[in-house]
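J.: Test case, fold it:
(chains A and B)
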Number of protein chains: 2
Amino acid sequence: MSILIKGARIITQNANREMLKGDILIEGNKIAAIGKELPKEEVEEVLEGKGKLVFPGLVNTHTHVAMGLLRGYGEGLPLHRWLEEKIWPAEKKMTSEDVYWGTMLGTIEMIKSGTTCFNEMYMFGIKHMADAVIETGMRAVLGKGVYDTPKGRDKESEMKELKHKVEEVNGMNSRVQVAVAAHSVYTCSEELLKDAKAFANEEGLQFHMHVSETREEVFNLLKEKKMRPVEYLDSIGLVDEKSVFAHLGWVTKREISLVGKAGATVANCPVSNLKLATGGICPVAEFFDAGANVTLATDGAASNNSLDMFETMKFSHLLQTHKYWDPQKVDMDRLWDAATINGAKGMGINAGSIEKGKLADFVFVDAKAVNLAPLHSDWRSIIYSINPGNVTDVIVDGKFVLKEGKITLVDEEKVLEKATEVAHDLVNR
Amino acid sequence: MSILIKGARIITQNANREMLKGDILIEGNKIAAIGKELPKEEVEEVLEGKGKLVFPGLVNTHTHVAMGLLRGYGEGLPLHRWLEEKIWPAEKKMTSEDVYWGTMLGTIEMIKSGTTCFNEMYMFGIKHMADAVIETGMRAVLGKGVYDTPKGRDKESEMKELKHKVEEVNGMNSRVQVAVAAHSVYTCSEELLKDAKAFANEEGLQFHMHVSETREEVFNLLKEKKMRPVEYLDSIGLVDEKSVFAHLGWVTKREISLVGKAGATVANCPVSNLKLATGGICPVAEFFDAGANVTLATDGAASNNSLDMFETMKFSHLLQTHKYWDPQKVDMDRLWDAATINGAKGMGINAGSIEKGKLADFVFVDAKAVNLAPLHSDWRSIIYSINPGNVTDVIVDGKFVLKEGKITLVDEEKVLEKATEVAHDLVNR
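T.: Numbering: from 1, shown residues only, chains lettered A, B, ... in the order given. Take a look at the predicted model:
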């Protein structure tokens, strides 16, 4: 399969952060060439890029996609009642089939808002998630969640199930990677964390965790281990280039430095942090300066309530400006990096920029949308005005997954109906 | 003209904040009836509401719509350089014709994102703005800006021009109201403020101001007058039910109480405040408790860079949650009130809820959008997941201004072309 995109405006996210007007040639699942007036003979499909902006697909580095089934459920309750009376009881009744439909729904939402890869953490249903990702044409890193300290769970069963699921899902499709997702320091024993990390290392997998989301988590760990979360994780060998830590809203300068020196990945979830009133704003600017791989994420739709990475890009940038009373604290180059090339790096995939040899994962936007006009010279500032309604087409792995606003590989209406049905059934079960 | 909407889900924003499934009958520019199975004989137009959500049109209570021409211009510069090197020189060269095209562009953007009325403040071009508002079918309160302390300006000329413009624009169309917009305490003499307010009172007009946007403004006024901005305005009789104060990011409890007791309108501009790093978050929760009329606004697109009120609704709510570390601090009812019925009240218009006798200003949203699914019982929580791409139709003053995603009364493509052309010309003039 080969596709030629003619004459679009391209935000490349290459090393020089060039913005070009030109053509992109896709062969198979990769970008074969970028240039002016590439020949269109022998190409199977030509897309007129005039009037469109193209940029690398966004990478959402922390989500729980199936929780979209609970979007808006119990909204307005205080946090502990929302969790105890609504979310947890519903999640207990959730089946793998529910997870499948929730993943279908969320994946379509992500595609329609310009995301081409997401990093998942969920405790079960990973095989059904993989099915949904494969069907919609999406790319994902699916983290099999483990935790052992709550009653009724134990390390041996967690590790057994983890190994089983990794074996089951690995190799299903090149667009699906498996990862190890240890839930948190407050739900995982030290032994489980070490064993899970050792297994991830053996298999060469990313290691995904919630870290320092709340003050309570930090307070309790300090009491128990005399260390803060990142210090503790570092002391047991869990902070390295393959670590993806979500939240990091309550961290010290020493912890920022540990994450930075290791080149670990920060998955900043600003909307979720605010919605759940965790009080902490991830110090993105300082993580950048320390050398960390800073990325962006929506978290699950139950605590957002959207999977819109455009919103998260704008929001995260505004919060840094606000936190430091300085509109220059994080420049727009870094914001774009976080959402694209750093996200891809954190997932260990060869994407995140529009360059020869990279995976063909990108997003087309209507450059003639009134909310983007008048497009002065730096098109990258569109990130402050864009919305999902501006996305026209999305290519993942060299294939259209959205074309002229329509989901191509699955029946969107059927997914919507079925996901709505299982969601309503789930909360009334 | 009569329109019947059949079988939609309706977020009424009436006193009981009912959510209904039923019909809405519009006669002329007003809502004539709401009910089940209203007869469709003798109705000129019937709209199938099944699969749609309907709610009152959003009211944006502080903007400078023509500044959309400068959206993204000089983005990334430090604030003072952005203003001094880019925005102010460009604004100096701006003509009334530019203002017309900027208003056309911004009005279309607002309609497409569910706004049916906006409150404007601009120093010139008000007649051309009115033309644009009338043509697009929008509703607006156009504040003629005045200021006299900068060199080359004086009170007499400001008042003369104000009176002239009010006379010129008043009565052009029932959808266009004029208001008096005194720029700020740091650009207006006490005499001008008093005269402008006296004139507004005589004419029964709203009185619109920037108040307590920055620490500098508060600091300088304290030095000069030994009073904080709201105290000072109160001392000269400028705080009452017809006052609309934008920003209020840096206020004391005493000032909150003064605004509340007067029942004045607060125009909270969270995105702009963060983008310009003013450091203050308007204490919306406290203003509500004090009895103020709390509303929401985008500010101009140069400091946002969007006119999307959905985003502002979500953002403002998240910031209150964050400010007080409490997700219950402002409940969702109040958020909706701020964006709809309070906005209408602040503008002095009979709109903001879907009730018999109210102006027919409302918004239709695709209830089958994946990003809104699964729509559990409280549809109002859509505000946490909606985006402008979900808006299908908009009615203002009993007429469709957007129908099935298309702007009805003006040629959107022509506006886009022309506005882009004048914007590029403006910055290169």
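
J.: drop to CA atoms for contacts and neighbour counts, all remaining ones
T.: Noted.

J.: Can you pull out the low-pLDDT segments for the stretch 301-429 of chain A?
T.: Scanning the stretch 301-429 of chain A for pLDDT under 70 picks out no residues.

J.: residue contacts, whichever residue of the stretch 151-300 of chain A sits closest to chain B?
T.: Going by C-alpha to the nearest C-alpha, chain B is nearest to A:Ala277 of the stretch 151-300 of chain A, at 4.8 Å. Each residue near A:Ala277 by C-alpha atoms under 8 Å, 6 or more residues apart in numbering or on different chains is listed here: B:Thr321, B:His322, B:Trp325, B:Asp326, B:Pro327.

J.: burial of the first one, as a residue count?
T.: The number of residues packed around B:Thr321, counting by other C-alpha atoms under 10 Å in any protein chain shown, is 24.

J.: Can you classify the nearest residue to it once chain neighbours are set aside by secondary structure?
T.: In space, and not counting its chain neighbours, B:Thr321 is closest to B:Pro327: 4.7 Å by C-alpha to C-alpha, 6 or more residues apart in numbering or on different chains. Under DSSP: H, G, I helix; E, B strand; the rest coil, the three-state class of B:Pro327 is coil.

J.: Could you pull up the residues touching A:Thr12?
T.: Contacts of A:Thr12 by C-alpha under 8 Å, 6+ apart are A:Glu18, A:Met19, A:Leu20, A:Phe55, A:Pro56, A:Ser353, A:Ile354, A:Glu355.

J.: should've said A:Glu97
T.: A:Gly125, A:His128.

J.: State whether A:Leu47 is indeed within a helix.
T.: No - judged by three-state DSSP, A:Leu47 forms no part of a helix; its state is strand.

J.: Quick check: the residue of the stretch 101-250 of chain A found nearest chain B vs B:Ile386, distance?
T.: Per C-alpha to the nearest C-alpha, the residue of the stretch 101-250 of chain A with the smallest distance to chain B is A:Glu109, at 5.6 Å. Counting by C-alpha to C-alpha, to the nearest Å, the gap from A:Glu109 to B:Ile386 is 11 Å.

J.: Residues that sit against both of the two, list them.
T.: Common neighbours of A:Glu109 and B:Ile386 (C-alpha under 8 Å, 6+ apart) are B:Asn371.

J.: Now A:Phe364: phi and psi?
T.: phi -110, psi 140 (degrees, to the nearest 10).

J.: Any idea what it is bridged to?
T.: A:Val54, A:Asp393 (DSSP bridges).

J.: Up against chain B, what does the stretch 101-250 of chain A have?
T.: Residues of the stretch 101-250 of chain A lying near chain B by C-alpha under 8 Å from any C-alpha of the partner chain: A:Leu105, A:Gly106, A:Ile108, A:Glu109.

J.: in which helix or strand would I find the last one?
T.: So that's A:Glu109. helix A:96-112 (DSSP states H and E).

J.: Check which helices and strands the next helix or strand after that helix is in contact with.
T.: Helices and strands here follow DSSP H and E; after helix A:96-112, the next one along the chain is strand A:115-122. Packing partners of strand A:115-122 (3 or more C-alpha pairs under 8 Å, 6 or more residues apart in numbering or on different chains; DSSP states H and E): strand A:58-63, strand A:139-146, strand A:391-396.

J.: pLDDT on the very next helix or strand once past strand A:115-122, on average?
T.: Next along the chain after strand A:115-122, taking DSSP H and E as the criterion, comes helix A:126-136. The average pLDDT for helix A:126-136 rounds to 98.
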